[in-house]
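**Student:** What follows is a predicted protein model with its sequence.
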Amino acid sequence: MVSNAPFSERKQAFTDPRLCAAIVDGVTFNAHIVETGTDSFRLAQTQEKRRRRT
């Protein structure tokens with residue numbers, strides 16, 4: 001999932017470097033970037049719910 005990847009890894013999802021730079025620039029323009037780690041809280045919650053159901 002691209003939204004959980006650090007900006008340095010976005011080029012793996014968007015192979016065109018100019019496109020990748022344009023997307024990151026557009027998303028981060030006038031934004032406050034908060035690094036929270038690489039683990040997705042939503043993914044962990046979904047996996048926990050699935051484990052409880054089985």
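**Tutor:** That came in fine, so what should we check first? Numbering: from 1, shown residues only.

**Student:** Which helix or strand contains residue 47?
**Tutor:** Here residue 47 sits within helix 41-53, counting by DSSP states H and E.

**Student:** got the buried residues for that helix?
**Tutor:** For helix 41-53, burial by neighbour count (16 or more other C-beta atoms under 10 Å) applies to no residue. For glycine as for every other residue, the C-beta is placed from the backbone atoms N, C-alpha and C.

**Student:** got the CA coordinates for that helix in PDB?
**Tutor:** Presented in PDB, the C-alpha positions along helix 41-53 are these (Å, rounded to 0.1, in the frame of the first residue of the first chain):
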ATOM      1  CA  PHE A  41      -3.300   0.800  12.600                       C
ATOM      2  CA  ARG A  42      -6.200   0.000  10.400                       C
ATOM      3  CA  LEU A  43      -4.600  -3.100   9.000                       C
ATOM      4  CA  ALA A  44      -3.800  -4.300  12.500                       C
ATOM      5  CA  GLN A  45      -7.400  -3.700  13.600                       C
ATOM      6  CA  THR A  46      -8.800  -5.600  10.600                       C
ATOM      7  CA  GLN A  47      -6.500  -8.500  11.100                       C
ATOM      8  CA  GLU A  48      -7.400  -8.700  14.800                       C
ATOM      9  CA  LYS A  49     -11.100  -8.700  14.000                       C
ATOM     10  CA  ARG A  50     -10.600 -11.500  11.500                       C
ATOM     11  CA  ARG A  51      -8.700 -13.600  14.100                       C
ATOM     12  CA  ARG A  52     -11.500 -13.100  16.600                       C
ATOM     13  CA  ARG A  53     -14.100 -14.400  14.100                       C
END
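
**Student:** Confidence-wise, which helix or strand of this protein is lowest on average?
**Tutor:** helix 10-13 (a mean of 72; mean pLDDT, DSSP states H and E).

**Student:** And the helix or strand just after it, what's buried?
**Tutor:** Per DSSP H and E, helix 10-13 leads on to helix 17-28 as the next helix or strand towards the C-terminus. Buried positions in helix 17-28, judged by neighbour count with 16+ other C-beta under 10 Å: residue 20.
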